[in-house]
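Asker: the following block contains a protein sequence and its predicted model.
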Amino acid sequence: MCGAVRFTVSCELKPPDACHCVQCRKFSGHYSVGSDVPRSAVEISGAENVTWYYSSEKVRRGFCSVCGCSMFFDPPARNWIGIHMGAFDAPTGTYTELHIFVAEKGDYYEINDGLPQYQRIP
């Protein structure tokens, strides 16, 4: 949002998922939509401005320490990093594929876009 953190992705984005789990909702302010990208295909400039919050033993979430923009979902033991779709400059060339953790969704909205819905990760 402020430009202190920028990234480039050198591969085609896979279709993102929309996560409705409590942690994603609290981190993003709503539900989170992101695409998982191979680590080797991501280059982050301004990485010193990324603050990492460990939301569990297996996952950390990255946000800009200057403006607070939530950007990354990172399971360090995996070979990919999730990037929030709102952090990309348009066009992204992809569309949301499915919804996960729908049992944890907020009570203030409905999911009615016709995409597949799952209680966990399929």
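Answerer: It's in. Numbering: from 1, shown residues only.
Asker: so which bits of the helix or strand Thr8 falls within are buried?
Answerer: Counting by DSSP states H and E, the element that carries Thr8 is strand 6-9. For strand 6-9, the neighbour count (16 or more other Cβ atoms under 10 Å) marks Phe7, Val9 as buried. C-betas here are computed from N, CA, C, even on glycine.
Asker: what about the strands in the chain?
Answerer: 6-9, 17-19, 32-38, 42-45, 50-54, 60-64, 70-74, 80-84, 98-100 (DSSP state E).
Asker: for the chain, which residues score under the pLDDT cut-off?
Answerer: Scanning the chain for pLDDT under 70 picks out no residues.
Asker: can you list the strands of the chain in a markdown table and add distance to Pro91?
Answerer: Shown next, in a markdown table, are the strands of the chain (distance: least, Cβ to Cβ, whole Å):
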| stretch | distance to Pro91 |
| --- | --- |
| strand 6-9 | 13 |
| strand 17-19 | 19 |
| strand 32-38 | 13 |
| strand 42-45 | 18 |
| strand 50-54 | 24 |
| strand 60-64 | 22 |
| strand 70-74 | 18 |
| strand 80-84 | 15 |
| strand 98-100 | 21 |
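Asker: of these, which is nearest Thr92?
Answerer: Checking these against Thr92 by Cβ to Cβ gives strand 32-38 as the closest, at 7.8 Å.
Asker: now the angle between strand 70-74 and the closest one, please.
Answerer: Angle, strand 32-38 to strand 70-74, by axes from the mean of the first three to the mean of the last three Cα atoms, to 10 degrees: 50 degrees.
Asker: report the buried residues of strand 32-38.
Answerer: Ser32, Val33, Gly34, Ser35, Asp36, Val37.
Asker: just stretch 104-113 next, same as before
Answerer: Those would be Lys105, for stretch 104-113 by 16+ other Cβ under 10 Å.
Asker: stretch 76-85 now?
Answerer: Across stretch 76-85, burial judged by 16+ other Cβ under 10 Å covers Trp80, Ile81, Gly82, Ile83, His84, Met85.
Asker: so what pairs up with the second one in the strands?
Answerer: Beta-bridge pairing of Ile81 under DSSP bridges involves Val37.
Asker: my guess is it contacts Arg39. True?
Answerer: Yes. Ile81 is within contact range of Arg39, at 5.7 Å (criterion: Cβ atoms under 8 Å).
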